[in-house]
Every structure is written in structure tokens, then in C-alpha cells.
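Undergrad: fold the following for me, if possible:
(chains A and B)
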Number of protein chains: 2
Amino acid sequence: MLVELIGYLGSVLVVISLIPQAYRSWKSKSTKDLSLLRYIIYLFGLFLLIAYGFLISNGPILVLNLSALVIAGFILFLKLNYK
Amino acid sequence: MLVELIGYLGSVLVVISLIPQAYRSWKSKSTKDLSLLRYIIYLFGLFLLIAYGFLISNGPILVLNLSALVIAGFILFLKLNYK
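TA: Residues are numbered from 1 along each chain as shown, chains lettered A, B, ... in the order given. Coordinates of the predicted model:
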């Protein structure tokens, strides 16, 4: 269905949008302008959404939020290492 | 239900996490380390999710993604103005 496709495409783009940030931070080795608190709260929210996806056995919610967790976790790692 | 509460709390935290980034960029007037492409793709994804929430008449999806759009739109505005 077209409506579901719009929802999936939107969700995938929201997750994919993290990749250019990870790439930029990795290449520039500079993360001064990134908010540490943003990534801590974000990862905590993603943990809850992964738990939610698991509890309601929803594959897309699980996969999307796990993907976001991996990329955002990498950005947080860069933030903690490149001051 | 506890399960629904976990889902809502996770979603709210994911949106709220944008606020410290907006605050930091606004205060520091520095957005060099933020990826422009990240915010363009992100806003496009949020537009699709708002359309999805509207099409399936889902209030929480609509409100959460509209909130994210406002905050992320503000960060993009700062990114375009503070080089």
C-alpha cells in the first residue's frame, strides 16, 4: 500500500540521515559542535524503542531502531574521543 | 499498558534529544561540525512521517514528528546561518 510505503520510506530516511553525520565526524575528527547530552538522551530513547519493538514482536521497529542505535552509538564514540 | 508506555517514552525521548543540540548550536553560534546533509535528509523523512501520521489519522505519530520537524528545522536554520 502507498500509505505504508510513505511510512517506511520516512522511517528509513530518518535513520539513514545519521550516516552523513557519522561520516563527517569521522573524517573531520571534530565533534565540538555536537551536543553530548543529545546523543545520551537519544541512545536511551532508542533502547526503549528497541525494547518496545521486541515486546510487541515488530520487526521493522526493531531493525530501524537497532540500525539507528549502531550509527548513533558510533557518533557518540567519536564525540567522546574527538574533543 | 506498560509496553505502550515504553514505546511512548522512547519516542518522546528521541524527539526531546534534539533540544540540547538546538540549544548548544544557538548558544555557541557554531555549527561547523553538524552535517547539513543529515538535516536535509532528516527533515525530508519527517515530512513523510507527518504525511503518514495524517493519512492513518494517528495523533501521536503526527505530534511527535511535527515536534521533531520544528526543532530540527530550527537546527537547520542555525546551520545555514552560523557557518
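Undergrad: give me the element the residue sitting nearest the centre point of chain A is part of.
TA: Residue closest to the average C-alpha location in chain A (C-alpha atoms, centre = their mean): residue A:68, at 2.6 Å. Element membership of residue A:68 [criterion: DSSP states H and E] is helix A:59-81.
Undergrad: so what's residue A:24 up against?
TA: By C-beta atoms under 8 Å, 6 or more residues apart in numbering or on different chains, residue A:24 lies in contact with B:33, B:35, B:38. Yep, even glycine has a C-beta here, placed from its N, CA and C like the rest.
Undergrad: which helix or strand contains the last one?
TA: Secondary-structure assignment from DSSP H and E places residue B:38 in helix B:36-55.
Undergrad: what lies in contact with that helix?
TA: Residues outside helix B:36-55 that contact it (C-beta under 8 Å, 6+ apart): A:3, A:6-7, A:9-14, A:16-21, A:24, B:58-62, B:65-66, B:68-69, B:72-73, B:75-76, B:79-80.
Undergrad: show me which of those are buried.
TA: A:6-7, A:9-14, A:16-21, A:24, B:61-62, B:65, B:68-69, B:72, B:75-76, B:79 (16 or more other C-beta atoms under 10 Å in any protein chain shown).
Undergrad: coming back round to it: buried sites along the helix holding residue B:38?
TA: Going by neighbour count (16+ other C-beta under 10 Å), the buried part of helix B:36-55 is B:38-39, B:41-43, B:45-46, B:48-53, B:55.
Undergrad: off-centre distance for that helix?
TA: 9 Å (C-alpha atoms, centre = their mean, to the nearest Å).
Undergrad: any weak-confidence spans in chain A?
TA: For chain A, applying pLDDT under 70 flags no range at all.
Undergrad: what about residue A:82, distance to residue B:49?
TA: Distance, residue A:82 to residue B:49, using C-beta to C-beta, to the nearest Å: 31 Å.
Undergrad: one more: residue A:19?
TA: Remark: distance between residue A:19 and residue B:49 (C-beta to C-beta) = 18 Å.
Undergrad: let me see the contact set for residue A:30.
TA: A:82, B:32-33.
Undergrad: the same query, at a cut-off of 10 Å, please.
TA: Going by C-beta atoms under 10 Å, 6 or more residues apart in numbering or on different chains, residue A:30 touches A:24, A:78, A:82-83, B:32-33.
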